[in-house]
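Chemist: 3D, please:
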Amino acid sequence: MGQKVHPIGFRLGVYRNWDARWYADKDYTKLLHEDLAMRRLIGSRLRNAGLARIETERSANQLTIIIQTAKPGIVIGKQGASVDALRDELERISGKKVRVTIHEIKTPELDAKLVAENVASQLEKRIAFRRAMKQAIMRTMRAGAKGVKVQVSGRLGGSEMSRREWDRDGRVPLHTLRANIDYGTTEARTTFGRIGVQVWLYKGDFVTATGEPILPGGAVQAPQPEEAPAEAAEPVAAVAAAPEAEAEAAAEPAEVEAPVATADAPVEVPEEEAAAAAAVEPGETEEEPEPEEDIDTDEDLVGALDLPDTEPAGTTKLGSTKRKPPAGRKPAPGRAKKVPEPEAELPEEEE
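Modeler: Okay, here's the model as predicted:
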């Protein structure tokens, strides 16, 4: 019928190790049945502990059993009572000293056996098989898997004839030998009969001992040296001299530029200096600079500009009027402001 290869058996000895790591020449049949009996005992006693994998190792007088579980607290029990009882039964079956080692699985969503048991437990609770499959796939992909495929077969939904349904997300390359594909299967016991659950989980490609990925041609990708950033090529001497230059600049007092007064922006005198200037005694007056001569009259303005006398005959010259100082210039201290006299209205001449 179907020519499907077991994903774990397909990779044994190449990328994956055996679960039973021991060798026997004459007593192989006896030790094999003994191993199977111990696996059935552990599976029945720890049915709800989330068992993912059971590994066995044999030496001359000792048997080591490695249990990988998602719930180590159930396996150990209160103060180690459960694991001690399990060890005693295993020693009775094998007749040798048994050492039990428990490994915790921190991400059960990335283990195919545990995902299959989760789907089977939902089917036993009468949850729709499509909903159980989609929820398991969603959680597995969210945990970081690159692909997952779930298949259920049996009397789905209580139908008269059994059928097979499957769902997949991501990619599951079953023919790629270097692909790390985990496979798990279990059965759900329902009122309509048993429903088989199979899970293929693609975690990525296997890597070599150095941790480098394997290329499609079989070669190993060599690590590329990291390039130093261009900014790090600064000479060491310049970096060492930078703190000294900053210290010298901090030791020297900063020169403050004196403000320059302009016509548009006069210099504001602080209140403390103005109070000190007012407190000077009358006999100790400072010399005042001579004010610049202002061109006050219209005649002086005309003389300064050398304009010709173009006044028509018969006109009367108006009285000299003072020109207003610029808005930005302040009157000299000690000099009172002169109020310009109003211009006299001239009588109209009769023609």
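Chemist: give me the beta-bridge partners of Val100?
Modeler: Ile65 (DSSP bridges).
Chemist: wouldn't it be in contact with Leu63 here?
Modeler: No - under the criterion of C-beta atoms under 8 Å, Val100 is not in contact with Leu63, lying 9.6 Å apart. All C-beta spots, glycine's among them, are computed from the backbone N, C-alpha and C.
Chemist: Show me the chain divided up by domain.
Modeler: Domain assignment for the chain by automatic domain parsing gives 7-106, 109-205.
Chemist: Please identify the most buried of the ones you listed.
Modeler: Highest mean neighbour count among the domains of the chain (mean count of other C-beta atoms under 10 Å): domain 109-205, with a mean of 17.
Chemist: pLDDT averaged over it, what's the number?
Modeler: Domain 109-205 shows a mean pLDDT of 94.
Chemist: can you give me the end-to-end distance of that domain?
Modeler: 18 Å (C-alpha to C-alpha, to the nearest Å).
Chemist: ditto for stretch 39-55
Modeler: In stretch 39-55, first residue to last residue: 9 Å (C-alpha to C-alpha).
Chemist: residue ranges with poor pLDDT in this structure?
Modeler: Along the chain, the parts satisfying pLDDT under 70 run over 1-2, 208-351.
Chemist: How are the strands of it distributed by residue range?
Modeler: Using DSSP state E, the strands of the chain run over 20-21, 51-58, 62-69, 97-104, 147-154, 163-170, 179-190, 193-205.
Chemist: Using CSV, please lay out those strands together with distance to Lys78.
Modeler: Conversion of these to CSV gives the following (distance: least, C-beta to C-beta, whole Å):
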stretch, distance to Lys78
strand 20-21, 31
strand 51-58, 19
strand 62-69, 17
strand 97-104, 15
strand 147-154, 36
strand 163-170, 40
strand 179-190, 28
strand 193-205, 32
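Chemist: got a list of contacts for stretch 115-132?
Modeler: Stretch 115-132 is contacted from outside by 50, 108-109, 133, 135-136, 140, 148, 150, 152, 156-157, 165, 167, 184-190, 195, 197-199, 201, using C-beta atoms under 8 Å, 6 or more residues apart in numbering.
Chemist: And for stretch 3-10?
Modeler: Under the contact criterion C-beta under 8 Å, 6+ apart, stretch 3-10 has outside partners Arg16, Leu174, Leu177, Ile181, Asp182, Tyr183, Trp200.
Chemist: Can you add distance to Leu90 and give the residues you listed back as CSV?
Modeler: Supplementary listing: those in CSV, determined by distance: C-beta to C-beta, whole Å:
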residue, distance to Leu90
Arg16, 25
Leu174, 36
Leu177, 36
Ile181, 31
Asp182, 26
Tyr183, 27
Trp200, 32
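Chemist: before we move on, back to that, anything in contact with each of Val100 and Leu63?
Modeler: By C-beta under 8 Å, 6+ apart, Val100 and Leu63 have these common neighbours: Leu90.
Chemist: Now do the contacts for the nearest residue to Asp111 once chain neighbours are set aside.
Modeler: Once flanking residues are discounted, Asp111 sits nearest to Ala52: 4.8 Å by C-beta to C-beta, 6 or more residues apart in numbering. Contact partners of Ala52, counting by C-beta under 8 Å, 6+ apart, are Gln68, Thr69, Ala70, Ile105, Pro108, Asp111, Lys113, Leu114, Gly184.
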